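Undergrad: prediction below, plus the sequence it came from.
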Amino acid sequence: MNLIDLLLEPLSYDFMLRALLVALVASIVCAVLSCWLVLIGWSLMGDAVSHAVLPGVVLAYVVGAPFALGAVIFGFAAVALIGLVRDTSRIKEDAAIGIVFTTLFALGLVLISITPSQTDLNHIIFGNLLGVSWGDLRQVVVLGAVTLAVLVIKRRDFTLFAFDRTQAHAIGLNPRLLGAALLGLLALTAVVALQAVGVVLVVAMLIIPGACAHLMTDRFGRMLWIAPIIAAVCAVLGLYLSYYLDTASGPMIVLAQGATFALIYLFGPERGVITSRLRTRRAHSAVNAVS
């Protein structure tokens, strides 16, 4: 079997084609948003929102509503609860995040355990990339397009909010409103990625691509290109590996992203641990040779 056959064989199945499209959309949207999450330091917030949508998805299933509707409602509710606990008590933000997302996630698990279902609701937790329908694909594309469009249109405002909230306020922007908008987009993005990897692994897709890009460049504009490219390549690579190795698709995509981060962390051209040490040794050797 030649390379062309290896590439085309998985795509001869409709379920693989749908999985590839969903994985690409989810990975790219998560990667773009991850650039801001990494810079602002909202990685834990991404974890909170992605887990907090679980009860919303289960309740949506119970009443026959779209999963996305329940997930978005509970995503916004989680953000509001975190802000309420933080602003009206002595509890700091990290503790408020931990309290809210673990409680809502536990509520979701309880609802799954007591909800009679002809389908396995555990795929909400761990993902069911190979089981997405054309309807699921359309939902992911629409939500992903809306999220990506807002991020691109408001990228300058969001970037200023990430770097200097005081300056953003000084030029007439509302930092609180911008923060709320980013959190709302985070909730939508969690819904998009939910179809691909489930609530447990969404946080990886919301952090790893941005972290990889942050290690490769100091310019935010370049990060917005590097992160989605890395995410898209890992999505394709992970899906193909899962097909030929007969492993779970969502976790394989995340593993591909984790392996990419490890390579950049170790061998990155600018800040790679091993690369930096080799550069330092060469510099010392050059100095010693001159002296």
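TA: That came through, no problem. Residues are numbered from 1 along each chain as shown.

Undergrad: what are the boundaries of the helices in the stretch 51-200 of the chain?
TA: All helices of the stretch 51-200 of the chain, identified by DSSP state H, counting those that start in this stretch, fall at 54-63, 67-87, 93-114, 123-126, 134-153, 155-163, 165-170, 175-205.

Undergrad: show me how far the last one is from its chain's centre.
TA: Its chain's average C-alpha position is 7 Å from that of helix 175-205, according to Cα atoms, centre = their mean, to the nearest Å.

Undergrad: after that helix, next one along is what?
TA: As assigned by DSSP states H and E, the chain's next helix or strand after helix 175-205 is helix 208-216.

Undergrad: packing partners of that next one?
TA: In terms of contacts (3 or more Cβ pairs under 8 Å, 6 or more residues apart in numbering; DSSP states H and E), helix 208-216 is packed against helix 14-40, helix 220-245, helix 249-267. (C-beta placed from N, C-alpha, C; glycine too.)

Undergrad: wait, residue 268 touches residue 216, no?
TA: Yes: the criterion here is Cβ atoms under 8 Å, and residue 268 meets it with residue 216 at 5.9 Å.

Undergrad: quickly compare the helices and strands packed on helix 208-216 and say which is most buried.
TA: helix 14-40 (a mean of 23; mean count of other Cβ atoms under 10 Å).

Undergrad: what helices and strands are in contact with that one?
TA: Helices and strands touching helix 14-40, by 3+ Cβ pairs under 8 Å, 6+ apart, are helix 43-52, helix 134-153, helix 155-163, helix 175-205, helix 208-216, helix 220-245, helix 249-267.

Undergrad: shaky segments in the chain?
TA: In the predicted model of the chain, residues 1, 117-123, 195, 283-284, 286-291 satisfy pLDDT under 70.

Undergrad: contact partners for the residue nearest the centre of it?
TA: Nearest residue to the geometric centre of the chain (Cα atoms, centre = their mean): residue 206, 2.2 Å. Neighbouring residues of residue 206 by Cβ atoms under 8 Å, 6 or more residues apart in numbering: 30, 33-34, 37, 43, 46, 50, 186, 189-190, 193.

Undergrad: quick one on the thing from earlier: what would the helices and strands packed on helix 208-216 look like in a markdown table with distance to residue 73?
TA: A markdown table is the format used below for the helices and strands packed on helix 208-216 (distance: least, Cβ to Cβ, whole Å):
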| stretch | distance to residue 73 |
| --- | --- |
| helix 14-40 | 19 |
| helix 220-245 | 27 |
| helix 249-267 | 24 |
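
Undergrad: with only the CA atoms kept, save stretch 144-162 in PDB.
TA: C-alpha atoms of stretch 144-162 as PDB (Å, rounded to 0.1, in the frame of the first residue of the first chain):
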ATOM      1  CA  GLY A 144     -17.200  27.400  15.300                       C
ATOM      2  CA  ALA A 145     -17.700  29.900  12.600                       C
ATOM      3  CA  VAL A 146     -19.600  32.300  14.900                       C
ATOM      4  CA  THR A 147     -16.900  32.000  17.600                       C
ATOM      5  CA  LEU A 148     -14.000  32.400  15.200                       C
ATOM      6  CA  ALA A 149     -15.600  35.400  13.500                       C
ATOM      7  CA  VAL A 150     -16.000  37.200  16.800                       C
ATOM      8  CA  LEU A 151     -12.500  36.400  17.800                       C
ATOM      9  CA  VAL A 152     -11.100  37.700  14.500                       C
ATOM     10  CA  ILE A 153     -13.200  40.900  14.400                       C
ATOM     11  CA  LYS A 154     -12.500  41.800  18.000                       C
ATOM     12  CA  ARG A 155      -8.900  40.500  18.200                       C
ATOM     13  CA  ARG A 156      -7.400  43.900  18.800                       C
ATOM     14  CA  ASP A 157      -9.700  44.700  21.700                       C
ATOM     15  CA  PHE A 158      -9.200  41.200  23.200                       C
ATOM     16  CA  THR A 159      -5.400  41.500  22.800                       C
ATOM     17  CA  LEU A 160      -5.300  44.900  24.500                       C
ATOM     18  CA  PHE A 161      -7.400  43.500  27.300                       C
ATOM     19  CA  ALA A 162      -4.900  40.600  27.700                       C
END
